[in-house]
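**Student:** Turn this into a structure:
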Amino acid sequence: MSDTSAIDPTVTAELTRLRESIDNIDAAVVHMLAERFKCTQQVGFLKAEHQLPPADPAREARQIARLRELAESAKLDPAFAEKLLNFIIAEVIRHHETIADGAR
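**Tutor:** Okay, the predicted model is just below:
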């Protein structure tokens with residue numbers, strides 16, 4: 001454990017303020033992801049019902065391009081944004097495959 005007694009109290013207060021904001025943002029990200037996965041689960045059921053494939057490479061490519069542009073305009077590393085979306089897409093496809101397997 002580090003000795004925080006030597007840190008300027010205004011620095012400690014600013015760190016606390018910033019960390020509270022980070023914690024709030026993290027909570028919002030989790031809630032947004034939960035909402036996103038609720039929607040993608042509905043897509044999975046619709047695809048399974050109509051015997052559509054779990055993956056849609058054309059849509060995924062469009063989404064990646066769109067997200068990279070959004071990231072650039074938001075001053076976020078587009079490569080990071082793409083990695084994040086690829087991770088989410090892989091999880092969505094896994095869910096869609098599970099739903100499709102249950103529908104057979």
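**Student:** Show me where the protein dips below the pLDDT cut-off.
**Tutor:** 1-4 (pLDDT under 70).
**Student:** so where do the helices sit in it?
**Tutor:** Remark: helices assigned in the chain by DSSP state H are 9-49, 57-73, 78-103.
**Student:** Could I get the ones you listed in TSV, plus columns for mean neighbour count?
**Tutor:** (C-beta placed from N, C-alpha, C; glycine too.) Converted to TSV, those look like this (neighbours: other CB atoms under 10 Å):
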stretch	mean neighbour count
helix 9-49	12
helix 57-73	13
helix 78-103	15
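**Student:** List the contacts of Leu85.
**Tutor:** Gln63, Ile64, Leu67 (CB atoms under 8 Å, 6 or more residues apart in numbering).
**Student:** what does stretch 58-74 contact?
**Tutor:** So stretch 58-74 is in contact with Asp77, Pro78, Phe80, Ala81, Glu82, Leu85, Asn86, Ile89, going by CB under 8 Å, 6+ apart.
**Student:** If we use 7 Å, what do you get?
**Tutor:** Residues external to stretch 58-74 that are found in contact with it (CB atoms under 7 Å, 6 or more residues apart in numbering): Asp77, Pro78, Ala81, Glu82, Leu85, Ile89.
**Student:** Out of those, which is nearest to Gln51?
**Tutor:** Ile89 (20.7 Å; CB to CB).
**Student:** Quick one: residues contacting the closest one.
**Tutor:** Ile89 neighbours (CB under 7 Å, 6+ apart): Glu60.
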